[in-house]
Each structure stands twice: as structure tokens, then as C-alpha cells.
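*Asks:* Here is a sequence together with a model predicted from it:
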Amino acid sequence: MSTPANQDPRLDQAAASDESLLAAHEKLLGKQPDEKARYKLLPLNLLFVFSGLIFFAGTYLNRYSGNFDPHIFNENAHPTTGEVAVAKVDPLVLGKKQYDAICITCHQATGMGLPGAFPPLAGSEWVNGSDERLIRIVVYGVTGPLTVKGTTYAAAPMPTVGKVAGSAYNLSDDKVAAVLTYIRHEWGNNGPAITTEQVAAIRGKEGDRKPYVQEELLKLP
Amino acid sequence: MKSGFFFFIGLLVAFVFGWGGVALGSHKQLGALAPFYDDGEGSSFPARPQGLAARGQLVYADLGCASCHTQQVRRPDFGSDKARGWGDRQNVARDYIYQVRPQLGESRIGPDLANYGARRPAAKTPEAERAQTLVAYLQTLNTTYEFPEARPFVPTVAAKEGAHK
């Protein structure tokens, strides 16, 4: 029984003063509202303004974004308002290109061929004659001897050029039509142009077959 | 800071989200662009710049030509690029797929060069090696080949008169 260790008088005092305790109780009992929070609500008209802006943006993107497609470069090119201009290929230009790439080695640039080996195209009755025969000669090729302008050529077969089995060139129908139109307009030849549809019709009718011989060709109209 | 870990995660998500939009989104849109094989010409476009022309592009970049020359032509109904003879068709994204640093250009103090190779007159060039490579590069600047998406758009008569569909 000596002097106590903690002599601090504050330890005996209450944690809250009497006045503050009374005020707190009064608040709870009287249900006084807390201090107002210091923020304002969003004005309602701003909600409508931004909804309107988002609507405009969505409509604009729908009409002018081109679906974010990497191949669309004209925002005014709506599918219903017009069409993309496709350049028409001149069959004579395309035909000349094919001729220079494939046919020129045998039939020569002058269209005169090589006497004894390759028949001429200039003035040839096969070129200026029936469409049916001409298309088949080029698409399916010819084996065996062929008489052109009185001379018989048997040295080399005409290769299969069209898009059929056994062809080394596989020229599409429009390229065959173009090259035939070209040879019909060149070197003094003056024949009607051959269309892609004609070539496609004959290719569809004959399907895959081996190259023609002269007798078969002469049987055609 | 309550948790460094969550802060880092949040930072990472913000960065990945932004990168995804800019890099991944662009790649998704334009990454699959492939050269166009033109049946009529028999080759695919655009062609890769080769040899001297590829070095010429480095010279072009080094000299800062892009500050005054652009390499992008607008479509005919949007601006006067075609009227100035700078190109018959607009440049599209596929024109640049083989260029590591497309020299699109900053301003048009000088003429547009996208189609320069097609209209450049043959002239003597300086003997310097850099000049020769630069000229070789300029000669390859050519957009005369055709792309399906670059063809001009022709509004139909009905649309011009204001009819609907």
C-alpha cells in the first residue's frame, strides 16, 4: 500500500465532456439530419443533351463509316446511291497482249507463220470462217495435218490453249475471246468479233476432250 | 496507397486497353491487306521495292523530302489532285503495305509524288551515288495499276435527282 503508479488525473475523467455527450444524445433522439453533403446532382437536361449527341454520332457512323472496312475509301459511296465504275477492257488490247505472250512464237508477229512449219493467220480461211471451228482450234488444239490456204502443215500440233484438261496455258474465256477478236482484226483480216459467251458456250458443250483433227473440224458448221 | 498490387494491375489494364485499341484494332482492320493480283497485267501489285529503289527510299527519308512532298493522292471528286495531273486514282492503304516507313508527307509545298514515276521526263541525273539511288526510287513511284477499292464511284442518275433507293 504505497502511492498508486498512475497518478495522471486525466485517467479518472470521462472521455467525452458532458456537453458533447448531451448534444450527441439529443441528435439521436431528435433525429437531426446530418450536415448536407457538399455536392450537387447532375442536371437532368444534360442527360438529354448527351443522349442526343450520342444518337447523332451513332447515326453518322452508321452512314459514313463504311463499316470500318479497310477497302472502303469513299464515305459517299453508299451502295444504293451509285456504283463503282469498272474500266472496260478493250478486247483488242487484251488480245494483243495474249497473242504477244503465247501465239507469237509460232505464228510470228506478222501473222505469216513459218512456211512448212506453222500456218499463217493473215488471210486464213480458218480465222475468217466459221466461229465454231476457230474457237475449237484455239481452246482444244489440233493434232495431225491441217490445210491452210492450200498448204498442209503437219510439223507441230496446235497447243491446247483454253481452260480445259491438258492445257498448258489455261486461258480464261474472255482472254480466248479477246485473242480471237484480235487476230480477226489484224493483218488485213476483217471478221466479226468473238464474244466471251460464245467461247463459254462451246467449252460448256464440249467439256474436256482431246485436240481436234482436221476431219472433225470440217464436219462442224 | 492501399495496395500497390492493385494499383499496378489497374495501370496495366489501362495501358493494355489503350494499346489494344490503337495497335490491335488497327492491325485487325488493316493487317490482312494483301497485294492484288491483276489478271489483265499478270502480276500482283504493289510490287516490292528492290535494290537501288529500296536504298533510294532511305535517301528520300534522310533528306527529309517528306516535309514538303506528300505521297498520297486524293480521289477525283475530293480536291483537285487529279486536275493537277498528280494521279488518276486515289491512293489506298494497299499501296503502302510493302513500305516499312511510308513517306506520306507533311505538306504540299512541292507536288505530290505518289505517281511521279509515271510522269517523270527522262533527264540526266547527277553522278553521285545517292542521287542515282534517289532517282531509282522516284522512278518506282507509280500508281498506274488498278485496285478494286480505288475505282471512282459514279452516282447513279436516280440518286442525283434525289430519288430514294
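*Replies:* Sure thing, it's come through.
*Asks:* need the next SSE after the helix or strand of chain A at the bottom of the mean pLDDT ranking, C-terminal direction.
*Replies:* The weakest-scoring helix or strand in chain A, judged by mean pLDDT, DSSP states H and E, is strand A:82-84 (a mean of 68). Later in the chain than strand A:82-84, the nearest helix or strand by DSSP states H and E is helix A:91-98.
*Asks:* quick one: buried residues of the helix or strand that that following helix is followed by?
*Replies:* As assigned by DSSP H and E, the chain's next helix or strand after helix A:91-98 is helix A:104-107. Buried residues in helix A:104-107, counted by 16 or more other CB atoms under 10 Å in any protein chain shown: A:H107. The C-beta positions use only the backbone N, C-alpha and C, and glycine is treated the same way.
*Asks:* List the contacts of the helix or strand immediately after helix A:104-107 in the chain.
*Replies:* Scanning forward in sequence from helix A:104-107 by DSSP H and E, the next helix or strand is helix A:125-128. Applying CB atoms under 8 Å, 6 or more residues apart in numbering or on different chains, the external contacts of helix A:125-128 come out as A:L121, A:R133, A:L134, A:I137, A:L146, A:V148, A:K149, A:I183, A:R184, A:N189, A:N190, A:G191.
*Asks:* Tell me which entries of those residues lie within strands.
*Replies:* Counting by DSSP state E, the part of the contacts of helix A:125-128 found in strands is A:L146, A:V148.
*Asks:* Most widely separated two among the contacts of helix A:125-128?
*Replies:* A:L146 and A:N190 (22.3 Å; CB to CB).
*Asks:* where does residue 58 fall, phi/psi-wise?
*Replies:* Picking chain A for this. phi -60, psi -40 (degrees, to the nearest 10).
*Asks:* um, chain B though
*Replies:* phi -70, psi -40.
*Asks:* separation between the residue of chain B most remote from its centre and B:G10?
*Replies:* What lies farthest from the middle of chain B is B:K2; by CA atoms, centre = their mean that is 49.4 Å. Per CB to CB, to the nearest Å, B:K2 is found 12 Å from B:G10.
*Asks:* Need the overlap of contacts for the two.
*Replies:* If you check B:K2 and B:G10 against CB under 8 Å, 6+ apart, no residue is contacted by both.
*Asks:* one step back: comparing A:L146 and A:N190, which shows the higher neighbour count?
*Replies:* Legend: neighbour count by other CB atoms under 10 Å in any protein chain shown for A:L146 and A:N190, higher for A:L146 (19 against 8).
*Asks:* What's the biggest helix in chain B, counting residues?
*Replies:* helix B:4-19 (DSSP state H).
*Asks:* Low-confidence ranges, chain B, go.
*Replies:* B:1, B:40-41, B:155-165 (pLDDT under 70).
*Asks:* Helix or strand next in line after the longest helix of chain B, which one?
*Replies:* helix B:25-30.
*Asks:* is chain A contacted by that next one?
*Replies:* Yes: using CB under 8 Å from any CB of the partner chain, helix B:25-30 reaches chain A at B:Q29, B:L30.
*Asks:* which of the residues in the helix or strand following that helix are buried?
*Replies:* Next in sequence after helix B:25-30, counting helices and strands by DSSP H and E, comes strand B:36-38. Neighbour-count burial for strand B:36-38 flags B:F36 (criterion: 16+ other CB under 10 Å).
*Asks:* And the next helix or strand past strand B:36-38?
*Replies:* Counting by DSSP H and E, what follows strand B:36-38 is strand B:43-45.
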